[in-house]
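**Student:** Predicted model, plus sequence, below.
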Amino acid sequence: MGKVVSFINMKGGVGKTTLCKEIGFHLAKKRNKKILFIDVDPQINLTQSLFKRYGFLQNKQLHVSSEGTLQENCKLKHSEASIEEILNQSVINPPKKEKSIQILDEDVSIIPGELGLEFSLRNLNSGTLENGIYKFIEKNDLRSVYDFILIDCPPTYSSYTVAALLPSDYFLIPVKPEGYSILGIDMLMKVIDIVVDEKSIYFESKPLENLGIVFTDIKRRPSQGIINTLESIKNSDELKQRDLYYFNEYFLHNSHIPKDIDYFIDASNNENSKYNLDLLVDELLERMP
């Protein structure tokens, strides 16, 4: 049965989307796993990255021509798939797989995010929204189709966060070591506690397990300041009470990542980053029995 993993942090800019896409792409291309990405982050960076790599364009998307006029991009394949189909489902109008999942290749698929989703679904009943992904996975038996379903969560607490966590077996916390990291992790864990308590029925047969914290964007030779920050997080009295696991392998800094939206480590020539990612995925798989 496939495993569902949410990548989550209540703070933006920590490498959450990057870690999600790199681990998923690695599992597909280097470990022969079948991967489904789900983009619940309203910034839809995961969708944009994968769509650019595979030559897709969301159906509503337009671009400006050299003459300065708006037109559809005819060179790209158009995708009608959207997470809105899933979150806005009803008994009368259940979501269709072909309008929800975009197959990118034989190993990689995505339920794309949607710009303006929060506005378009602002009047939707919160219970309907929160149950959407869980019901879609269960009704379509997606755990038997995919080895891993990886969810890129929003960086705020909302019904979209709940929608991502309800079907999840695990969650992973990417953390960029900064001044407010301890506060952010503590706040996230309180959010998880609230969701598990208020939606306990969803976790009776499959407890939501914390895979741990992955420190991101760490240089191969980190400064003393970063080393001190890492140690202060690990030795924090607040976080020690949580009995958190800290990955031995850091996700190392790669200067190409913020520059190229369609950059993927395992499709690059960066052997150091490839080796780093391979070790990180090894450790991740060991955490999932």
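**Tutor:** Yep, it's here.

**Student:** can you give me the helices in the stretch 151-289 of the chain?
**Tutor:** Here the stretch 151-289 of the chain has its helices, by DSSP state H, counting those that start in this stretch, at 159-165, 181-198, 224-234, 237-240, 271-287.

**Student:** Kindly report the same for the stretch 1-150 of the chain.
**Tutor:** With DSSP H, counting those that start in this stretch as the criterion, the stretch 1-150 of the chain has helices spanning 16-30, 45-54, 84-87, 117-120, 126-139.

**Student:** Would you single out the least confident of the ones you listed?
**Tutor:** Among the helices of the stretch 1-150 of the chain, helix 117-120 has the lowest mean pLDDT, at a mean of 62.

**Student:** N32 - nearest residue in space that isn't next to it in sequence?
**Tutor:** Spatial nearest neighbour of N32, excluding adjacent residues (CB to CB, 6 or more residues apart in numbering): D107 at 7.6 Å. In short, each C-beta sits where N, CA and C put it, glycine included.

**Student:** That neighbour and T47, how far apart?
**Tutor:** Distance from D107 to T47, counting by CB to CB, to the nearest Å: 18 Å.

**Student:** Same drill for those two, tell me which one is more crowded.
**Tutor:** T47 (29 against 18; other CB atoms under 10 Å).

**Student:** how close does the more buried one get to E209?
**Tutor:** Distance, T47 to E209, by CB to CB: 27 Å.

**Student:** again with S6
**Tutor:** With CB to CB as the criterion, S6 and E209 are 11 Å apart.

**Student:** okay, these two: which has more neighbours?
**Tutor:** Shown here are S6 and E209; by other CB under 10 Å, S6 has more neighbours (27 against 15).

**Student:** is it true that that one touches F148?
**Tutor:** No. S6 lies out of contact with F148 (CB atoms under 8 Å); the separation is 11.7 Å.

**Student:** Run through the residues that contact the residue nearest to N32.
**Tutor:** Listed by CB atoms under 8 Å, 6 or more residues apart in numbering, the contact partners of D107 are A28, K29, N32, K33, K34, I35.

**Student:** Nearest to M10 among these?
**Tutor:** Comparing these against M10 with CB to CB picks out I35 as the nearest, at 25.1 Å.

**Student:** and the longest strand for the chain?
**Tutor:** Scanning the chain for the longest strand, with DSSP state E as the assignment, gives strand 209-218.

**Student:** Buried ones in that strand, by neighbour count?
**Tutor:** Buried residues in strand 209-218, defined by neighbour count with 16 or more other CB atoms under 10 Å: N210, L211, G212, I213, V214, F215, T216, D217, I218.

**Student:** out of everything not next to it in sequence, what's closest to the fifth one?
**Tutor:** Excluding its sequence neighbours, the residue lying closest to V214 (CB to CB, 6+ apart) is F247, at 4.7 Å.

**Student:** quick one: F215 and L252 touch, right?
**Tutor:** No. Look at F215 against L252 with CB under 8 Å: they stay out of range, at 9.7 Å.
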